[in-house]
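J.: I would like to see how this sequence folds:
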Amino acid sequence: MIRVEILRDSKGNIYKFNIKGHAGFDEYGKDIICAAVSAISQTAVLGIEALKTVKIKKKIESGDLQIDIIDKGLPEDDIQLKAILETMVLGLKDIEADYPEYVRVMDRRCEE
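T.: A predicted model of the protein is given here:
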């Protein structure tokens, strides 16, 4: 199972996300669930990295993606950052809705 953990601050802004595991829907290289989750999350990371003033810390390994937002950047980049992250969450939750036995999204509001 793929476990997605979205961590939000007290204002509801995402400051960290972790994606761990493998779906196990099909054999390695043919697993459409893993491919979909990877495509959505890694495209979000590419979008975030394109924002010049946003700073992140990332760890990417097989079955493990961890992103920490270190600096939200200038206001115009912060707006785009929020749009990228919320769109990623929508996509991941949509996959979860269709394949709940393979993907679990935990969207949590915490204190930083």
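
J.: what average pLDDT does the longest helix seen in the chain get?
T.: Ranked by residue count under DSSP state H, the longest helix found in the chain is helix 75-98. Over the span of helix 75-98, the pLDDT mean works out to 98.

J.: list the buried residues for it?
T.: Going by neighbour count (16 or more other CB atoms under 10 Å), the buried part of helix 75-98 is 77, 78, 80, 81, 84, 85, 88, 89, 91, 92, 95, 96. Every C-beta, even on glycine, is put in place using the N, C-alpha and C of the backbone.

J.: show me what contacts the nearest residue to the fourth one once chain neighbours are set aside?
T.: In this structure, residue 81 finds its nearest non-sequential neighbour in residue 54, 5.4 Å apart by CB to CB, 6 or more residues apart in numbering. By CB atoms under 8 Å, 6 or more residues apart in numbering, the residues touching residue 54 are 48, 69, 71, 72, 73, 77, 78, 81.
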